[in-house]
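Peer 1: pasting the sequence and the predicted coordinates here, then a few questions.
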Amino acid sequence: MNDAVIDPASTEQDHPEWYINRDLSLLQFNLRVLEQAMDERHPLMERLNFLLIFSSNMDEFFEIRVAGLQNQLQTGTGQPGPDGLLPGEVLRRISETAHEAVTRQYHILNDILLPALATEGVNFLRREYWTPEQEAWVKRYFRDQIYPVLTPIALDPAHPFPRLVNKSLNFIVPLDGKDAFGRKTGLAIVPAPRSLPRIIRMPDDICIDGNDNFVFLSSMIHAHVSDLFPGMKATGCYQFRVTRNADLEVDEDVDDLALALKGELLLRRYGDEVRLEVADNCPRHLIDYLLRKFELGEEDLYEVNGPVNLARMFTDVRRPRLRYPPFTPKVPARIKSAESLFDVIRQGDILLHHPFESFTPVVNFLAEAARDPKVLAIKQTLYRTGTDSEILDHLETAARNGKEVTVVIELRARFDEESNIEGARRLQEAGAIVVYGIVGYKTHAKMILVVRREQDGIRRYAHLGTGNYHTKTTKVYTDYGLLTANEGLCQDVHKIFLELTGMGKAARLKQLMHSPFTLHSGLLELIAAETEAARAGQPARIIAKFNALTEPQIMRALYTASQAGVQIDLIVRGMCCLRPGIPGVSDNIRVRSIIGRFLEHTRIYYFLNGGDEKVYLSSADWMERNLVNRVETCFPITDPKLRKRVIREGLEYYLEDNAQAWTLSADGSYRRLSAAAEDTPAIAQSLLLEALT
């Protein structure tokens, strides 16, 4: 064992080789998502969806992470992280890996998934395979539905190269001949309006043998692009799209954050260019022309063998067997037939494990509070809700019914800013008090507090969760929620709301830990306690499940714990900058990632604590932003039965998974686990579906 014990608060003893770069780690997560498209345990359309999710993930990766690195490189502001890599080297490695991944993605699409779908009667038809009847239908569809909304832009001194929207589908079209004004421009750009679907289902009467036939919008435009230029001939038509920097920068000193954000949202569509995707049949001189226009280099170019906007390929196929079988989330028996949720919650905490257990009780909790004459006040945090939200409906109803409704809306939830601004407007019009949290700190905590006047006085009820109040994501994200009337927890929640809406010193909480005040230090203390137990020869154990691990002091504390002999299992869905298995440093740390049908989103912290086990649920990952720069909550599970449930369902099932688990090696690579021939595959999410639904 290494004698040089690490001080968690010090950086002097750090070794860059002990850490993995966070951006390269995030890219590795996206590669694990891509590999799900090759997993035959998933139904065929779900495999296609994983391929498209990879595209969507990579879009955001370039819009935020690559854009940030390029900005650091251009301004000379980049500083190495714990891994010691500078932005230029990180960008070089990203480009190398991303190019390989995109090549693999289109190979999987063209050579594996599309042929497999065709054998199932699901066809994405290329132009050369259209029947005469299908050609005639495409011509009519183009004339009636597409042609009227297209705006071709000829490139000449009066029509300079247009400013194209982030990630929009466009075509570069070389032209022969002169137009009505005698102009011979040679080139035109045709943007595809976002109002048009990217995939169109052909009518059943022109399909063969009951097949589902789809045609790409790009194919329709290719086939009839010359119709846009009467008297001229289009000698080619090539897809391209540009990805732009989509991160928002808002001055925290503005008078009206919502108004400032609205302005920034318009600018997001036209940020600096970071990536160019072009169809691989595009002539080189046109590619060079586009690179010059966007001021991009060869390393930013991605030539693709297929549609350049795969993230828009999601479509409905009327073949249930090609999808996951549907399931009905369970409603706990305690509340299934209860007249009042408040009566049930008073009798004991209710733990909900989504999506296996329904999110409906949380919605009903708000609905009942909105109409209950005994309810005096409702307070809630909102990070992501969606535009069509039952949660917002009930909060509006409560406000109109005369309840004191206070909502803390985080306007800066990335890519949800617009819907959150709209939600704030709705609530304000209904009479709710809406605040935007604390300047400089995103409010990421998930909390509802209901204040009710009962016979024995004022009583508080709370909901605390690991995930967002978004009824759609609760069907596909794994998360926990706790409904409680525990006086200590509810009082703590009340104090946090006072922090968020008022001013004063940090609240002294009884049971909750919260960022940016006590969660970081509390985690370090809990890790240190296990470390001391191991040094004293006592059993010591840490298990934690979350989305990302990047915070340096936490990683150093875990290295110290490992050196002391603490057995540590980390279930990290995405980024993990810690290297397990380094001799003398992290021998006792194991890291695994689970990728499956549902997006793993629960945050669970377990500490053996000398046999008196401590289990916490939280909204926070182990990242700097969560532990230092956000408002987060971390709440204990005090009921012994519920604590055992969390350990079994949320941790042990995932540690037993030998089919959808990937293990992280000391060299930074991930290896997919597979059950031995004599063993039964154990899939955590499937086991939970069997156990809870």
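Peer 2: Okay, I see it.
Peer 1: low pLDDT regions in the stretch 401-550 of the chain?
Peer 2: Within the stretch 401-550 of the chain, the stretches with pLDDT under 70 are 412-417.
Peer 1: in which helix or strand does Val408 reside?
Peer 2: According to DSSP states H and E, Val408 maps onto strand 404-409.
Peer 1: how about the strands in the stretch 1-150 of the chain?
Peer 2: 122-125 (DSSP state E, counting those that start in this stretch).
Peer 1: phi first, then psi, for Leu689.
Peer 2: phi -60, psi -40 (degrees, to the nearest 10).
Peer 1: number of nearby residues for it?
Peer 2: Using other CB atoms under 10 Å, Leu689 has 19 neighbouring residues. Where you see a C-beta, it was placed from the backbone N, CA and C, and this is true even at glycine.
Peer 1: now do the contacts for it.
Peer 2: Leu689 makes contact with 327, 356 under the criterion CB atoms under 8 Å, 6 or more residues apart in numbering.
Peer 1: use 9 as the first number from now on
Peer 2: OK, 9 is where the count begins now, so the last one is Leu697.
Peer 1: just checking, which helix or strand of this structure averages the lowest pLDDT?
Peer 2: helix 265-276 (a mean of 50; mean pLDDT, DSSP states H and E).
Peer 1: packing partners of the helix or strand that that helix is followed by?
Peer 2: Using DSSP H and E, the helix or strand that directly follows helix 265-276 along the chain is strand 281-287. Helices and strands touching strand 281-287, by 3 or more CB pairs under 8 Å, 6 or more residues apart in numbering; DSSP states H and E, are strand 246-252, helix 292-302, strand 309-312.
Peer 1: quick one on the thing from earlier: buried residues in the strand holding Val416, which are they?
Peer 2: For strand 412-417, the neighbour count (16 or more other CB atoms under 10 Å) marks 413-417 as buried.
Peer 1: helices or strands next to the helix ranked longest in the chain in the packing?
Peer 2: Longest helix in the chain by number of residues (criterion: DSSP state H): helix 95-115. Using 3+ CB pairs under 8 Å, 6+ apart, the elements in contact with helix 95-115 are helix 30-43, helix 52-68, helix 75-83, strand 309-312.
Peer 1: do that again at 6 Å, thanks
Peer 2: helix 30-43, helix 75-83 (3 or more CB pairs under 6 Å, 6 or more residues apart in numbering; DSSP states H and E).
Peer 1: that older thread, who wins for proximity to Thr127 among the helices and strands packed on strand 281-287?
Peer 2: For the helices and strands packed on strand 281-287, proximity to Thr127 was assessed by CB to CB; strand 309-312 is nearest, at 24.3 Å.
Peer 1: only C-alpha atoms, please: export that closest one in PDB.
Peer 2: Output of strand 309-312 as PDB, limited to C-alpha atoms (Å, rounded to 0.1, in the frame of the first residue of the first chain):
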ATOM      1  CA  LEU A 309     -15.600  18.700 -40.500                       C
ATOM      2  CA  TYR A 310     -17.700  15.500 -40.300                       C
ATOM      3  CA  GLU A 311     -18.600  13.900 -43.600                       C
ATOM      4  CA  VAL A 312     -21.600  11.500 -43.100                       C
END
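Peer 1: identify the residues contacting Asp288.
Peer 2: Asp288 makes contacts with 311, 313, as judged by CB atoms under 6 Å, 6 or more residues apart in numbering.
Peer 1: and if we set it to 7 Å?
Peer 2: 311-313 (CB atoms under 7 Å, 6 or more residues apart in numbering).
Peer 1: what's the answer for Val223, then?
Peer 2: 133, 146, 208, 210.
Peer 1: among the residues you listed, give me the pair with the biggest separation.
Peer 2: Of all pairs in those, the most separated under CB to CB is Leu133 and Ile208 at 10.5 Å.
Peer 1: between the two, which contacts overlap?
Peer 2: Joint contacts of Leu133 and Ile208 (CB under 7 Å, 6+ apart) are 222-223.
Peer 1: tell me how this structure divides into domains.
Peer 2: 341-517, 522-700 (automatic domain parsing).
Peer 1: nearest to Trp26, out of these?
Peer 2: domain 522-700 (5.7 Å).
Peer 1: returning to that earlier point: lowest average pLDDT across the helices and strands packed on helix 95-115?
Peer 2: In terms of mean pLDDT, the lowest-scoring of the helices and strands packed on helix 95-115 is helix 75-83 (a mean of 90).
Peer 1: re earlier: okay, and which of the contacts of Val223 map to helices?
Peer 2: Going by DSSP H, the helices hold Val146 from the contacts of Val223.
Peer 1: which one of the contacts of Val223 is nearest Thr486?
Peer 2: Nearest to Thr486 among the contacts of Val223: Ile208, at 34.5 Å, using CB to CB.
Peer 1: now do the helices in the stretch 559-701 of the chain.
Peer 2: 560-572, 632-636, 648-653, 661-664, 692-700 (DSSP state H, counting those that start in this stretch).
Peer 1: which one of these is the most hemmed in?
Peer 2: helix 560-572 (a mean of 23; mean count of other CB atoms under 10 Å).
Peer 1: what sits against Asp91?
Peer 2: Asp91 touches 24, 27-29, 585, counting by CB under 7 Å, 6+ apart.
Peer 1: oh, I was asking about Glu608
Peer 2: So Glu608 contacts 486, 581, 602 (CB under 7 Å, 6+ apart).
Peer 1: ok, the closest residue to it other than its chain neighbours - how many residues close by?
Peer 2: Residue nearest to Glu608 in three dimensions, not counting chain neighbours: Arg581, with 4.5 Å by CB to CB, 6 or more residues apart in numbering. Neighbours of Arg581 under the rule other CB under 10 Å: 21.
Peer 1: kindly report the same for Gly218.
Peer 2: Other residues lying near Gly218 total 7 when counted by other CB under 10 Å.
Peer 1: what about it, helix or strand, and which?
Peer 2: Using DSSP H and E, Gly218 falls outside every helix and strand.
Peer 1: how far away is it from Ile207?
Peer 2: 19 Å (CB to CB, to the nearest Å).
Peer 1: try His478
Peer 2: 26 Å.
Peer 1: what does Leu527 give?
Peer 2: 45 Å.
Peer 1: who has more neighbours out of those two?
Peer 2: Taking neighbours as other CB under 10 Å, Leu527 and Ile207 compare with Leu527 leading, 26 against 17.
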